[in-house]
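S.K.: Predicted model follows, preceded by the sequence.
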Amino acid sequence: MKLYKYIDFKNSYWSEPLIKKELYFSNVCELRQPNDPEEFNHKWDSKSYFFNNQANQLKETYQSIFSDARILCLSKLHSKTLWDEFCSSNNGICYEFKYEESQKIKDLTACSVSYSDNKECNYPDYLIKSIEDTNIKNLLEKNIELSKTDLVVIYNWLTTKDAQNLAVNHIYYLVFTKLKCFIKENEYRFIHTVNPIDNNTPLLINSRFSFKQLGLTINRIYTSNYNKVKEVCNESQLKISIPSFITCDEN
């Protein structure tokens, strides 16, 4: 599979993939600015007694996993539309990668983004719909005060792997689902949780993964400024070209 990364020349890290053979993973706050500002706005509105009165610990756990997540956004398309969107005045670089999923490290989750008419950003609603334990589901749905016994049952369930996995799954859902108005981007994303639930040692260093860890190799480079790219490129066999649909800038 071919994947593409667009970087505007105004971003100082544009040459890092060439020089260091690695790609930067953004946190959620960084992605909100250039992209859909509502994309990662998880909500907690609920009629449930538990979520309105007893869910502080759950919110802290969810927010911790959410804040620690790091995401890489690539596209499956090379097009003028994406040049216009991600490289101001078409002044930038587009890396074309060959992607081999079998070579990707297991600590990363990666797949194509799905485009939908709507997104379930409300975590209480998502959680209740996803729970298989009918007793827990019924307790969380109640809008009246719960007994101490019921609360203990919920708190015990929240410490289980199933409960923790649902939090991660919702974050993955937010990452890999976008509204249909963004379908032209045809994204393929990678996500890594910096502090995994299993307490594995994080492999992410300075928010970056190497090409080898990602299963990527550079096929070729498209750019608006051939000379600028050639100055930092030490690979004589790497093809560098200027797309026909953008204005050439040799300075």
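M.R.: Looks like it came in fine. Residues are numbered from 1 along each chain as shown.
S.K.: need the strands for the protein, in chain order.
M.R.: For the chain, the strands defined by DSSP state E occupy 2-8, 22-24, 69-75, 92-99, 109-112, 114-116, 177-179, 187-193, 208-210, 216-223, 239-241.
S.K.: Just the buried residues of the fifth one, please?
M.R.: Within strand 109-112, the residues that qualify as buried are residue 110, counting by 16 or more other CB atoms under 10 Å. Every C-beta, even on glycine, is put in place using the N, C-alpha and C of the backbone.
S.K.: for that strand, packing partners?
M.R.: helix 161-176, strand 187-193 (3 or more CB pairs under 8 Å, 6 or more residues apart in numbering; DSSP states H and E).
S.K.: Could you identify which of the ones you listed is most buried?
M.R.: Of all the helices and strands packed on strand 109-112, strand 187-193 has the most neighbours on average by mean count of other CB atoms under 10 Å, namely a mean of 21.
S.K.: picking up where we left off before, could the strands of the chain be laid out in JSON lines, adding mean pLDDT and distance to residue 57?
M.R.: What follows is these, written out as JSON lines (pLDDT from 0 to 100; distance: least, CB to CB, whole Å):
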{"stretch": "strand 2-8", "mean pLDDT": "96", "distance to residue 57": "38"}
{"stretch": "strand 22-24", "mean pLDDT": "94", "distance to residue 57": "32"}
{"stretch": "strand 69-75", "mean pLDDT": "94", "distance to residue 57": "19"}
{"stretch": "strand 92-99", "mean pLDDT": "97", "distance to residue 57": "39"}
{"stretch": "strand 109-112", "mean pLDDT": "96", "distance to residue 57": "26"}
{"stretch": "strand 114-116", "mean pLDDT": "94", "distance to residue 57": "31"}
{"stretch": "strand 177-179", "mean pLDDT": "91", "distance to residue 57": "27"}
{"stretch": "strand 187-193", "mean pLDDT": "93", "distance to residue 57": "19"}
{"stretch": "strand 208-210", "mean pLDDT": "93", "distance to residue 57": "31"}
{"stretch": "strand 216-223", "mean pLDDT": "95", "distance to residue 57": "39"}
{"stretch": "strand 239-241", "mean pLDDT": "93", "distance to residue 57": "53"}
